[in-house]
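> Kindly generate the corresponding structure for this input.
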Amino acid sequence: MGKDFWSSLPTIGKVADDLISWPFRVLFGGGTPLPHYEPTMARADVGEVMKKAREKAAASVHVFDPSGIETVRKFCKSRKDDRADMDISAVPAEARALLLSMSDDELHALGKASPGQVKKFLDGKRHQIDGVPVVGVHSPVPANDRSPRPSFDHRRWRDEAVLRRAIENRFKLG
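Purely as a prediction, here's the structure:
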């Protein structure tokens, strides 16, 4: 008996719903049927129409890049042969000179960077892109400079650092 009652619960719920909603259907109407829709084009033509509309929309869009971010990204991602013909006039002069002198690895790292990092690169700020120099900051890299001390002399470096500290820090009084 419990199994029969359990299986008849959905039917009881539907009957209760019909009883509760009957006065509202009488007063406000049962709703109008949906209008019949007859398509005007065949199913095979829908794809072609969508493709033409997409091409038309893409042709009408004009890309305006005042900051030069997209120009830098296109320059970094293009091949060596194509870079010579690209117009990079949207890029500031210092950044343009640096772009033209960068190696392929540096260009690849710059091309993978976020738009915010590329904007910082163009503005000459610290951009934190590994391997890419900062615009306007050119620190000379000495070719054959050596450290004044050998690297294995850590103990003497430590002792000298302790001796050169201020005298107040060596002795605590009080």
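> Please count neighbours and contacts with C-alpha atoms only from this point.
Will do.
> what helix or strand is Gln117 on?
Assigned by DSSP states H and E, Gln117 belongs to helix 115-123.
> what mean pLDDT does that helix have?
Computed over helix 115-123, the mean pLDDT rounds to 90.
> what's the answer for stretch 55-65, then?
Here stretch 55-65 scores 71 as its mean pLDDT.
> What of stretch 86-101?
On average, stretch 86-101 scores 87.
> Please point out which parts of it sit buried.
88, 90-91, 95-96, 98-99 (16 or more other C-alpha atoms under 10 Å).
> Run the chain-centre distance for it.
23 Å (C-alpha atoms, centre = their mean, to the nearest Å).
> now do stretch 36-51
36 Å.
> Name the surrounding residues that touch it.
Residues from elsewhere that reach stretch 36-51 (C-alpha atoms under 8 Å, 6 or more residues apart in numbering): none.
> What average pLDDT does that stretch get?
86.
> mind listing the helices in the protein by residue range?
2-28, 43-60, 69-77, 80-83, 93-101, 104-112, 115-123, 154-164, 167-170 (DSSP state H).
> packing partners for the helix holding Gln117?
helix 69-77 (3 or more C-alpha pairs under 8 Å, 6 or more residues apart in numbering; DSSP states H and E).
> what comes up buried for the helix it packs on?
Neighbour-count burial for helix 69-77, counted by 16+ other C-alpha under 10 Å, picks out 69-73, 75-77.
> Mind putting those residues into CSV with distance to Ala59 and pLDDT?
CSV is the format used below for the buried residues of helix 69-77 (distance: C-alpha to C-alpha, whole Å; pLDDT from 0 to 100):
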residue, distance to Ala59, pLDDT
Ile69, 21, 89
Glu70, 18, 88
Thr71, 19, 90
Val72, 22, 91
Arg73, 21, 91
Phe75, 22, 92
Cys76, 24, 91
Lys77, 22, 91
